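Student: Output the structure for:
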Amino acid sequence: MSARTQDEGAHQGARDGSPQRRPASMRLGSRDLITLGVYSVLYVVVMLVAGTPFAFSPVLTYALPVSAAFFCAPVYLLLVAKVPRRGAVAVLGAVVGLVLFVTGMFWLWAVAALALGVVAGEVAALGRFRSPGLNTVSYMVFALAPLASYVMVWVNQESYRAYLVGKGTDAAYMDSMFAAASYWLLVAITVGTLLAAWLGTLLGRRMLARHLTRAGIVA
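Tutor: Model prediction:
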């Protein structure tokens, strides 16, 4: 088929409403990767700033996922708006997971960040990264990644303790953390993280609305 025939077919499709071949605009390019690198680092910085104050306490540490879910939401929405491509959120998950692993966090958190990054990206892709509702659900999925670490308190304390103590966490800190745990707390963390992620996206959309609307992008 000649280029002229293809062009005529595209115009015919536009007139009669038949499906048209979409350009390969959902693929990541070199500029996208640079942008992703910048916003992924920004996401990690915000996550650390939002979570570190709670991490110092073996009791307040359970609030870390909630705080991070709320404050990282605007960065997530900005990343999705700037790079509306398949694989973008997976790259974010990979960067976050790598930083977590290198800094000695429990390995399952790093794995969850990557896995949920893939899932969250596919959720956002259902709305071509322009659906406020699907982008919100996408972020709520991604925000659950830290719980993959905390859930070990209820699943396998011995393995969790051995790993983190081996990475430099004080044994007394782990004992106090386990003592503060209860099943209602696990439910509270999960619900709180989802709620904080949702509220964070509401705030994030308000903060970004002017800039994204001017650029012709809807988060």
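Student: nearest spatial neighbour of W107, skipping sequence neighbours?
Tutor: F101 (6.3 Å; Cβ to Cβ, 6 or more residues apart in numbering). Using the backbone N, CA and C atoms, a C-beta is placed for each residue, glycine as well.
Student: correction: Y139
Tutor: Using Cβ to Cβ, 6+ apart, the nearest residue to Y139 is Y76, at 4.9 Å.
Student: separation between that neighbour and W184?
Tutor: Y76 is 28 Å from W184, where distance means Cβ to Cβ, to the nearest Å.
Student: what does T169 give?
Tutor: Applying Cβ to Cβ, the value for T169 to W184 is 25 Å.
Student: Settle it for me: which of the two has more neighbours?
Tutor: Neighbour count, other Cβ atoms under 10 Å: between T169 and W184, T169 has more, with 18 against 8.
Student: For that one, give me its contacts.
Tutor: G104 (Cβ atoms under 8 Å, 6 or more residues apart in numbering).
Student: what kind of secondary structure is it in?
Tutor: The assignment at T169 comes out as coil when based on DSSP: H, G, I helix; E, B strand; the rest coil.
Student: Can you give me the end-to-end span of stretch 147-160?
Tutor: 13 Å (Cα to Cα, to the nearest Å).
Student: Can you list the buried residues in that stretch?
Tutor: 147-153, 160 (16 or more other Cβ atoms under 10 Å).
Student: Then stretch 100-109?
Tutor: By neighbour count with 16+ other Cβ under 10 Å, stretch 100-109 contains the buried residues 100-101, 105-106, 108-109.
Student: and that stretch, how far apart are its ends?
Tutor: Its start and end residues considered, stretch 100-109 measures 7 Å (Cα to Cα).
Student: So what touches it?
Tutor: Identification of contacts with stretch 100-109 by Cβ under 8 Å, 6+ apart yields 97, 110, 113, 145-146, 148-149, 152, 160, 163-164, 167-169.
Student: Tell me the first helix or strand C-terminal of the host helix or strand of A148.
Tutor: Per DSSP states H and E, A148 falls inside helix 147-150. Heading C-terminal from helix 147-150, the first helix or strand you meet, by DSSP H and E, is helix 152-155.
Student: Check which helices and strands that next one sits against.
Tutor: If you count contacts as 3 or more Cβ pairs under 8 Å, 6 or more residues apart in numbering; DSSP states H and E, helix 152-155 packs onto helix 157-166, helix 183-214.
Student: Show residues contacting that helix.
Tutor: Residues beyond helix 152-155 that count as contacts (Cβ under 8 Å, 6+ apart) turn out to be 106, 108, 159-160, 177-178, 181, 183, 186.
Student: Nearest spatial neighbour of the residue nearest in space to the middle of the chain, chain-adjacent residues omitted?
Tutor: Compute the mean C-alpha point of the chain, and by Cα atoms, centre = their mean the closest residue is F142, 3.8 Å away. The shortest distance from F142 to any non-neighbouring residue, by Cβ to Cβ, 6+ apart, is to A120 (4.0 Å).
Student: residues contacting V44?
Tutor: 95-96, 99.
Student: Looking at per-residue confidence, what score does it get?
Tutor: You'll see V44 listed with a pLDDT of 96.
Student: ditto for A209
Tutor: pLDDT, A209: 79.
Student: Which pLDDT value goes with Y150?
Tutor: What the model reports for Y150 is a pLDDT of 96.
Student: dump the residue contacts of it.
Tutor: In this structure, Y150 makes contact with 62, 65, 186, 189, judged by Cβ under 8 Å, 6+ apart.
Student: That concludes my questions; thank you for your assistance.
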